[in-house]
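> structure for this input, please:
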Amino acid sequence: MENLQCLKHFLIEKNLSLSTCESLTGGMLSSTICSLEGASKFFKGSIVAYSSELKINLIHVPENIILEKGAVSYETAEYLAKNCAKSLNTNISISTTGVAGPDSLEGKEVGTVFIGIYYSDETKVCEYRFMGDRESIREQTTKKAISFLLEELNKSS
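The predicted structure is shown next:
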């Protein structure tokens, strides 16, 4: 994946560290990043917080956010990215949360995805709609998370 190589070179050149906090992708994003030769130069690790319990207790997403906005929400993605970066002591963190299916969740349709990026003390979150089966939605989310991060890093440099 060309975007992955670009991301690797950018992070190494700028001496930046990366972490991920995954719900929907369940480790797929970190696995994709770790498939790169030299990933250890910039990738510190990942937290897979699939359950709301872990989002609250491990990542410190406020319980009222989960109850009022949902585990699949802009706000949850924001907390996942920001708090993961702080917990793992990285410059940058990417978060993923969404509905892969087969059923809707919290009133959100299958394919609803939120990707959060924490960088330079700011968090940006985008909502996406992907089509396909469960595995396809997870794969599309992984690819989009990498391209979204690269776009944001290029804007800031």
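> quick one, what contacts the nearest residue to F10 once chain neighbours are set aside?
Distances taken as Cβ to Cβ, 6 or more residues apart in numbering put L153 closest to F10, at 5.6 Å, once the chain neighbours are dropped. No exception for glycine: its C-beta is placed from N, CA and C like everyone else's. Neighbour list for L153: L7, F10, I92, Y119 [criterion: Cβ atoms under 8 Å, 6 or more residues apart in numbering].
> mind doing that once more with 10 Å?
Counting by Cβ atoms under 10 Å, 6 or more residues apart in numbering, L153 touches C6, L7, F10, L11, K14, L16, I92, I117, Y119, S120.
> show me which of those are buried.
L7, F10, L11, I92, I117, Y119 (16 or more other Cβ atoms under 10 Å).
> save those residues as a markdown table, and put in distance to S31, pLDDT and secondary structure too.
Converted to a markdown table, the buried ones among the contacts of L153 look like this (distance: Cβ to Cβ, whole Å; pLDDT from 0 to 100; DSSP: H, G, I helix; E, B strand; the rest coil):
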| residue | distance to S31 | pLDDT | secondary structure |
| --- | --- | --- | --- |
| L7 | 15 | 94 | helix |
| F10 | 20 | 94 | helix |
| L11 | 17 | 96 | helix |
| I92 | 18 | 98 | strand |
| I117 | 19 | 98 | strand |
| Y119 | 22 | 96 | strand |
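> now those in JSON lines, with distance to P62?
Formatted as JSON lines, these follow (distance: Cβ to Cβ, whole Å):
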{"residue": "L7", "distance to P62": "30"}
{"residue": "F10", "distance to P62": "32"}
{"residue": "L11", "distance to P62": "30"}
{"residue": "I92", "distance to P62": "23"}
{"residue": "I117", "distance to P62": "20"}
{"residue": "Y119", "distance to P62": "22"}
